[in-house]
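Novice: Below is the sequence, then the predicted model.
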Amino acid sequence: MKAFQIEQGIVAPIDRANVDTDMIIPKQFLKSILRSGFGPNLFDELRYLDKGEPGQDCSARPLNMDFVLNQARYAGTSILLARKNFGCGSSREHAPWALDDFGIRCVIAPSFADIFFNNCFNNGLLPIVLDEAIVDDLFARVAANEGYQLTINLPEQCVTTPEGNSYSFEVDANRKHRLLNGLDDIGITLNSADAIKTYEQKWRQQSPWLFDSIK
Amino acid sequence: MAGKTLYDKLWDSHVVEQRADGSALIYIDRQLLHEVTSPQAFEGLRLAGRKPWRVDANLATPDHNVPSDVHERAGGIASIVDEISRIQVQTLDDNCDEFGIKEFKINDREQGIVHVVGPETGATLPGMTLVCGDSHTATHGAFAALAHGVGTSEVEHVLATQCLVQKKMKNMKVEVTGTLGLGVTPKDVVLAIIGKIGTAGGTGYAIEFAGQVFRDMSMEGRMTVCNMAIEGGARIGMVAVDDTTINYVEGRQFAPKGEQWQQAVAAWRDLVSDDDAVFDAVVTLRGEDIRPQVTWGTSPEQVAAVDAVVPVPADITDPVQRAAAERALTYMGLKGGMAISEIPVDEVFIGSCTNSRIEDLRAAAAVVAGKQKAASVTRAMVVPGSGQVKLQAEQEGLDKIFIAAGIEWRQPSCSMCLAMNSDVLPAGSHCASTSNRNFEGRQGFGGRTHLVSPAMAAAAAIYGHFVDVSKL
Ligand code: SF4
């Protein structure tokens, strides 16, 4: 998992409430055997004018130029600004996979759906909850300034604007530690690698037939 | 201090690290892999730049998507008709090749359903922890192994760390005393247990099946019972080690040999619950009371003896159960009060990780020998659990008995247990099935599944309805 420390990037506004995971990545893409490669289908129904199918080459598809992610001024975005209850609906982990694959590192919203919120931390994404008034203000600033960027400082737990405003946000200490160090569940277990090796050695002596038998 | 249960012993011997929150890091000795739940786990490893912790702890084989039809099977992966199925099977091959994991490929003699292949190759051994991305992994508990199903992210976790973070479960003993009557099989025993404890009765428990009936049971039978522990809500079902266990394991491909064998057997003898072990719950049945079973509903607990009647919902006092029975009867197209033996059988499926081993096929063949499939039964098929089972059955001439009776003899796969390959039960059809789940749509959209033993399924193929095999 990618570590998250400080992220400075262009902000793209997704100006609607209750964006569900089916909107983030429609269900026909769940048949994939991979967890990467979902980026071109992120927000598929909003981004393209035709209906997307898995395995299709998206570069030739007609784009919906009204959708923010298709607009030149948001090219290279890594921070999404969103409305209430972002990520509601099905529990599919494909939603954070798609965001990550597209290059999004952080989503700012007044509130998030629970499972999506959790899934983000397990996939190196930082969801940030800010007051609705602050989010409103940020939407206005993004609209008024082309190339508007924010700086997300996870160690300091604050979002800084180019104007010099700074908003602090909450993050659970354990999750913060995991994000800062890029530790997913496997990463945490691997912190105990020495204990695993010690156990394995003892176990191999005791039950040698459980080792090297499948060749 | 009270003695330990079998589960306590298996757990204690695998704790790598006890955590403050009550969970523990548990070492996993064996992981079985199949094509459906492993691709994203391998992809996760690749994306994170990780390698499997111990390649030799893993064994893979494709089963869920593999065709049972001899023609669709002939050309290997390339001839699988459904594209998604083909890609999944191909991806398993690619991943195993890339990471160096041992795999029995689609047309290898040892290929088969993971829960048949593990035990028969000796990849499943007493005293080990074993996981697989499949809920019927409890099967392997028949060997006094700590075995349970896991999700795809846990498959990846085990590949990368050889460990899982787990919380210990409570202990339940399910005791079946005495002896079984004529025509009563392990499948009937486990269906009767589920009928008694319900589909959630074992939730949160590791079950140990104990008592004379299990002592007298073959390994195949014990696997059938442990396989369905999950249908009683328990992720783990186990039977203690005895001579039957050790005799079964001896000489198998991956089993210890020579001096190591002696050493292993000595260690395995301890894999029994101590006399003074304490169980959190105990359930007891009398073997003599168990009759051949048939499920009439859409949950394995909706089960009755073959000589009983379908329950009348109005007679059920519990309102939740009454509503469930009404819904089930509507889906199944059955009426309360009708005799189980009156249910017409349109199709017969003998197979699945519950009942596709050699003994199961022998029991079915014994019933059909010299007889003919009923004209009203549109299709009956036998799908052996593995290439080795198939070979053994053919050496014994069982295939000829089935074919002569008008029953199809197919290639090893999960097949109509979950209808992921081309074997699908048509809507509205009643199927006598030796599999483990009778959920709505499990064997095909609108299909109506009746779970039974291999002998009962075979008899249904001959008579076109359910008959009491103990009276044949
Ligand atoms: S036979 Fe059925 S229950 Fe068993 S592993 Fe295959 S699909 Fe699952």
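Specialist: Here it is on my side, so go on. Since the structure is predicted, the reported quantities are computational estimates derived from the model, not experimental observations.

Novice: How about the secondary structure of residue A:128?
Specialist: strand (DSSP: H, G, I helix; E, B strand; the rest coil).

Novice: and it, what does it touch?
Specialist: A:106, A:107, A:108, A:109, A:152, A:159, A:169, A:171 (CB atoms under 8 Å, 6 or more residues apart in numbering or on different chains). C-betas here are computed from N, CA, C, even on glycine.

Novice: The same query, at a cut-off of 7 Å, please.
Specialist: Counting by CB atoms under 7 Å, 6 or more residues apart in numbering or on different chains, residue A:128 touches A:106, A:108, A:159, A:169.

Novice: Just the buried residues out of the residues you listed, in PyMOL syntax.
Specialist: Buried subset of the contacts of residue A:128, written as a PyMOL selection, criterion 16 or more other CB atoms under 10 Å in any protein chain shown:
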select buried, chain A and resi 106+108+159+169
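
Novice: Let me have the contacts of residue A:128 in CSV, adding secondary structure and pLDDT as columns.
Specialist: Below are the contacts of residue A:128 laid out as CSV (DSSP: H, G, I helix; E, B strand; the rest coil; pLDDT from 0 to 100):
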residue, secondary structure, pLDDT
A:106, strand, 98
A:108, strand, 98
A:159, strand, 98
A:169, coil, 98
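
Novice: where exactly do the helices run in the stretch 101-250 of chain B?
Specialist: B:114-121, B:152-161, B:186-197, B:212-215, B:219-227, B:243-249 (DSSP state H, counting those that start in this stretch).

Novice: now the residue of the stretch 201-350 of chain B found nearest chain A: how far from residue B:127?
Specialist: At 3.5 Å from chain A, residue B:256 is the closest residue in the stretch 201-350 of chain B, using CB to the nearest CB. As defined by CB to CB, to the nearest Å, residue B:256 lies at a distance of 11 Å from residue B:127.

Novice: again with residue B:472
Specialist: From residue B:472 to residue B:127 the distance is 41 Å (CB to CB).

Novice: In CSV, list the helices of the stretch 101-250 of chain B along with mean neighbour count and mean pLDDT.
Specialist: Supplementary listing: those in CSV, determined by neighbours: other CB atoms under 10 Å in any protein chain shown; pLDDT from 0 to 100:
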stretch, mean neighbour count, mean pLDDT
helix B:114-121, 27, 98
helix B:152-161, 24, 94
helix B:186-197, 25, 98
helix B:212-215, 19, 98
helix B:219-227, 27, 98
helix B:243-249, 17, 98
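
Novice: Up against the ligand, what does the stretch 351-472 of chain B have?
Specialist: When proximity is defined by CB under 6 Å from any ligand atom, the stretch 351-472 of chain B lies next to the ligand at B:352, B:353, B:414, B:417, B:418, B:435, B:436.

Novice: Grab the nearest non-local neighbour of the last one.
Specialist: Going back to what we said before, that points to residue B:436. residue B:354 (4.5 Å; CB to CB, 6 or more residues apart in numbering or on different chains).

Novice: Just want the most central residue of chain A.
Specialist: residue A:125 (3.7 Å; CA atoms, centre = their mean).

Novice: Look up phi and psi at it.
Specialist: For residue A:125, the backbone dihedrals (degrees, to the nearest 10) come out as phi -100, psi 150.

Novice: how many other residues sit next to the closest residue to it other than its chain neighbours?
Specialist: Take residue A:125 and drop its neighbours on the chain: the residue closest to it by CB to CB, 6+ apart is residue A:96, 5.3 Å away. Residues near residue A:96, counting by other CB atoms under 10 Å in any protein chain shown, number 28.

Novice: pLDDT (mean, whole number) over the helix or strand containing residue B:361?
Specialist: Following DSSP states H and E, one finds residue B:361 within helix B:358-368. Across helix B:358-368, pLDDT averages out at 98.

Novice: coming back round to it: how far away is the residue nearest to residue B:436 from chain A?
Specialist: 25 Å (CB to the nearest CB, to the nearest Å).

Novice: sorry, back to before: so the residue of the stretch 201-350 of chain B closest to chain A makes contact with residue A:211?
Specialist: No. Counting by CB atoms under 7 Å, residue A:211 is not a contact partner of residue B:256; they are 10.4 Å apart.

Novice: So between those two, which is more surrounded?
Specialist: Per other CB under 10 Å, whichever of residue B:256 and residue A:211 has more neighbours is residue B:256, with 21 against 15.

Novice: Comparing residue B:472 and residue B:127, which residue is more hemmed in?
Specialist: Neighbour tally, residue B:472 and residue B:127, criterion other CB under 10 Å: the higher count belongs to residue B:127, 24 against 14.

Novice: Residue B:269 is in contact with that one, correct?
Specialist: No. Contact criterion CB under 7 Å: residue B:127 and residue B:269 do not qualify, at 10.3 Å.

Novice: In contact with residue 161, which residues?
Specialist: No chain specified, so I'll use chain A. Taking CB under 7 Å, 6+ apart as the contact definition, residue A:161 lies against A:141, A:150.

Novice: my question was about chain B
Specialist: A:186, A:189, A:190, A:196, B:53.

Novice: quick one: the spatially closest residue to it that is not a sequence neighbour and the ligand, what's the gap?
Specialist: Counting by CB to CB, 6+ apart, residue B:161 lies nearest to residue A:189, which is 4.4 Å off, once chain neighbours are set aside. Distance of residue A:189 to the ligand, computed by CB to the nearest ligand atom, to the nearest Å: 27 Å.

Novice: Report pLDDT for residue A:189.
Specialist: 95.

Novice: What of residue B:1?
Specialist: 74.

Novice: Residue numbers of chain A in contact with chain B?
Specialist: Those residues of chain A that sit near chain B, judged by CB under 7 Å from any CB of the partner chain, are A:1, A:31, A:33-36, A:185-186, A:189-190, A:192, A:195-196, A:199, A:203, A:207-215.

Novice: Make a ChimeraX selection of the buried ones in those.
Specialist: Typed into ChimeraX, the next command selects the buried ones out of the residues of chain A next to chain B (criterion: 16+ other CB under 10 Å):
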select /A:1,33,34,35,185,186,189,190,192,196,199,203,207,209,210,213,214
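
Novice: buried set for the lowest-mean-pLDDT helix or strand in chain A?
Specialist: Here the helix or strand of chain A ranked lowest by mean pLDDT, DSSP states H and E is helix A:114-121, holding a mean of 88. Residues of helix A:114-121 classed as buried by neighbour count (16+ other CB under 10 Å): A:115, A:116, A:117, A:118, A:119, A:120, A:121.

Novice: Kindly indicate which of those lies nearest chain B.
Specialist: Ranked by distance to chain B (CB to the nearest CB), these are led by residue A:119 at 10.5 Å.

Novice: so what's that closest one up against?
Specialist: A:93, A:95, A:96 are the contacts of residue A:119 under CB under 7 Å, 6+ apart.

Novice: and what of residue A:149?
Specialist: Here residue A:149 is in contact with A:8, A:9, A:10, A:11, A:162 (CB under 7 Å, 6+ apart).

Novice: Tell me the spacing between the closest residue to the last one other than its chain neighbours and residue A:140.
Specialist: What that stands for is residue A:162. The shortest distance from residue A:162 to any non-neighbouring residue, by CB to CB, 6+ apart, is to residue A:149 (6.3 Å). For residue A:149, the distance to residue A:140 equals 15 Å [CB to CB].

Novice: Pop the domain breakdown of chain A in here.
Specialist: Using automatic domain parsing, the domain parsing of chain A gives A:6-183, A:184-215.

Novice: Could you single out the most deeply buried of those domains?
Specialist: Among the domains of chain A, domain A:6-183 has the highest mean neighbour count (mean count of other CB atoms under 10 Å in any protein chain shown), at a mean of 17.

Novice: now the strands for chain A?
Specialist: Shown for chain A, the strands assigned by DSSP state E span residues A:6-14, A:79-82, A:106-109, A:126-129, A:149-153, A:158-160, A:166-168.

Novice: and residue B:171, how many neighbours?
Specialist: Residue B:171: 21 neighbours (other CB under 10 Å).

Novice: An error on my part: the question was meant for residue B:179.
Specialist: Count around residue B:179 with other CB under 10 Å applied: 12.
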